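1. got a predicted structure plus its sequence, pasted below:
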Amino acid sequence: MKALHIITGLGVGGAEQQLRLLLRHLPVTCDVVTLTNPGPVAEGLTADGVRVTHLGMAGNRDLTALPRLVRLIRRGRYDLVHTHLYRACLYGRIAARLAGVRAVVATEHSLGDAQLEGRPLTRGVRGLYLLGERLGRSTVAVSPTVAARLARWGVPEPRITVVPNGIDLTRFAHDPAVRQRTRARLGLPEDAFVIGGIGRLAPGKRFDVLIDALARLPADCRLLLVGGGPEESALRRAARRAEVEDRVLFAGERPYLPDGTPGPDLPALTTAMDVLAAPSPEEAFGLAVVEALAAGLPVRYTSCPALQDLPAEAAPDAVRVPCEPGAYAHALAGVRAAGPGPRTAPEAARHYCVTRSAARLMDVYRAALAPATPPRAPIQQGASPS
């Protein structure tokens, strides 16, 4: 089987890094096309031996990208096309059908109740989404919560399959030596209580709540924010206003690095934390929360469908907290007072092992490649089937 993955961009983000991780575990020959922004994840894919093509799309309405994409798909003779993120799903599905590929799968990574990848869920956005969805064979939801949202939007339920995001348990396993080394490189005191926040620095992630909560916590508490985005300047100003700027560390974007590469990547930064705080009020999955659990961290979160879809005992030290500074200050103070735990991964983290997700995705691929079964003609009353 030969598959082409089409994604809107390859900067450092959850969907982008999830694609790279999945490709390491799929028993399929895969190429990748990025419509825009061949960033750090593109470099990582290339290092993994994946062929990455930058389509050079100028914007959402750059229709000249469509014939280029059609030609690329035809030249590659792909058996299946898999699209990721809104723009790539729209253009990729159309291009695949024009190129003669009928096995088209799309993954919905970021559908919330009120927004899709940061854009408001207007009637126009919904209409274009559903128009493109009809051109594919199957839509993959990263959680049952997203599957329910897709069904409410109008996607027929038989076309929806849940394949949760996967995590690399080995990469996130707690390592005391890595923790000590990473803290030293970041200039964090050994006895500091480090609160972690992981994700794109965008308004919807509500990292401002953590800055306000930090101002209510003792001086030994630090906030380590891992990610980049348009909200960074505003968050730095908020830290100055709250008089905690010397206690907030902006680590920037941190892609997963190949084993043995020097420098703290996301797993190393996670193991340097004492707790993960995730105040975003709306998530499609909650990948950062699950990865933190894999590192054995206690977690305080506002929204995480990945956990909400499991029994509470699957993650006993993951607690929901209202998206409000006082609530987070109280919850984080409780974690600090309790002291460090054993740093072992709970069942929730093991449930989302990437090998399991890759196996489920292969089932979706096989179903998409199977010949479509024509509907059987109804048997007329009084007639006998031949």
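-> Right, received. Where do you want to start? Numbering: from 1, shown residues only.

2. drop to CA atoms for contacts and neighbour counts, all remaining ones
-> OK.

3. next structured bit after the worst-scoring helix or strand of the chain on mean pLDDT?
-> Among the helices and strands of the chain, strand 119-120 carries the lowest confidence by mean pLDDT, DSSP states H and E, at a mean of 75. On the C-terminal side of strand 119-120, the closest following helix or strand by DSSP states H and E is helix 123-133.

4. which strands and helices lie in contact with the helix or strand that that following helix is followed by?
-> Note on helix 123-133: by DSSP H and E, the next helix or strand toward the C-terminus is strand 138-141. Applying 3 or more Cα pairs under 8 Å, 6 or more residues apart in numbering; DSSP states H and E, one finds that strand 138-141 contacts strand 104-108, strand 160-162.

5. returning to what we had before: parallel or antiparallel, list what pairs with the least confident helix or strand of the chain.
-> Strand 119-120 sits in its sheet next to strand 115-116 (antiparallel), going by DSSP bridges.

6. mean confidence for the strand it pairs with?
-> Mean pLDDT, strand 115-116: 77.

7. outside of that strand, which residues touch it?
-> 86, 110, 121 (Cα atoms under 8 Å, 6 or more residues apart in numbering).

8. just give me the neighbour total for the residue nearest to residue 117 when sequence neighbours are not counted.
-> In this structure, residue 117 finds its nearest non-sequential neighbour in residue 110, 5.5 Å apart by Cα to Cα, 6 or more residues apart in numbering. For residue 110, the neighbour count with other Cα atoms under 10 Å is 21.

9. quick check, residue 110 in contact with residue 282.
-> No. Taking contacts as Cα atoms under 8 Å, residue 110 lies outside contact range of residue 282: 9.8 Å.

10. on that earlier part again, can you say which of the helices and strands packed on strand 138-141 is packed in most?
-> Comparing those on average neighbours per residue, with mean count of other Cα atoms under 10 Å, the densest one is strand 104-108 at a mean of 25.

11. strands paired with that one, and their directions?
-> Sheet partners assigned to strand 104-108 using DSSP bridges are listed as strand 80-84 (parallel), strand 138-141 (parallel).

12. take those and lay them out in JSON lines including mean pLDDT, distance to residue 156 and mean neighbour count.
-> Listed next are the strands paired with strand 104-108 as JSON lines, based on pLDDT from 0 to 100; distance: least, Cα to Cα, whole Å; neighbours: other Cα atoms under 10 Å:
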{"stretch": "strand 80-84", "mean pLDDT": "97", "distance to residue 156": "18", "mean neighbour count": "25"}
{"stretch": "strand 138-141", "mean pLDDT": "96", "distance to residue 156": "10", "mean neighbour count": "25"}
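
13. mind putting these in CSV, distance to residue 48 included?
-> Putting the strands paired with strand 104-108 into CSV (distance: least, Cα to Cα, whole Å) gives the following:
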stretch, distance to residue 48
strand 80-84, 19
strand 138-141, 24
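
14. report the angle between the biggest helix by length in the chain and strand 104-108.
-> Scanning the chain for the longest helix, with DSSP state H as the assignment, gives helix 354-369. Comparing the axes of helix 354-369 and strand 104-108 via axes from the mean of the first three to the mean of the last three Cα atoms, to 10 degrees yields an angle of 140 degrees.

15. how far does helix 354-369 sit from the chain's center?
-> With Cα atoms, centre = their mean, to the nearest Å as the basis, helix 354-369 stands 18 Å off its chain's centre.

16. per-residue confidence averaged over it?
-> 96.

17. equivalent analysis for stretch 26-37, please.
-> 96.

18. how long is that stretch end to end?
-> Using Cα to Cα, to the nearest Å, the end-to-end distance of stretch 26-37 comes to 24 Å.

19. returning to what we had before: now the least confident helix or strand of the chain, how far from the centre of its chain.
-> 18 Å.

20. re earlier: how about CSV for the helices and strands packed on strand 138-141, with mean pLDDT added?
-> Formatted as CSV, the helices and strands packed on strand 138-141 follow (pLDDT from 0 to 100):
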stretch, mean pLDDT
strand 104-108, 95
strand 160-162, 96
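
21. select, out of those, the one closest to residue 192.
-> Closest approach to residue 192 among the helices and strands packed on strand 138-141 is made by strand 104-108 (38.6 Å; Cα to Cα).

22. okay, the closest one in PDB with CA atoms only?
-> Taking C-alpha atoms only, strand 104-108 is exported to PDB below (Å, rounded to 0.1, in the frame of the first residue of the first chain):
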ATOM      1  CA  VAL A 104      -9.700   9.100   0.900                       C
ATOM      2  CA  VAL A 105      -9.500   9.300   4.600                       C
ATOM      3  CA  ALA A 106      -9.500  12.500   6.700                       C
ATOM      4  CA  THR A 107      -8.600  12.900  10.400                       C
ATOM      5  CA  GLU A 108     -10.500  15.600  12.400                       C
END
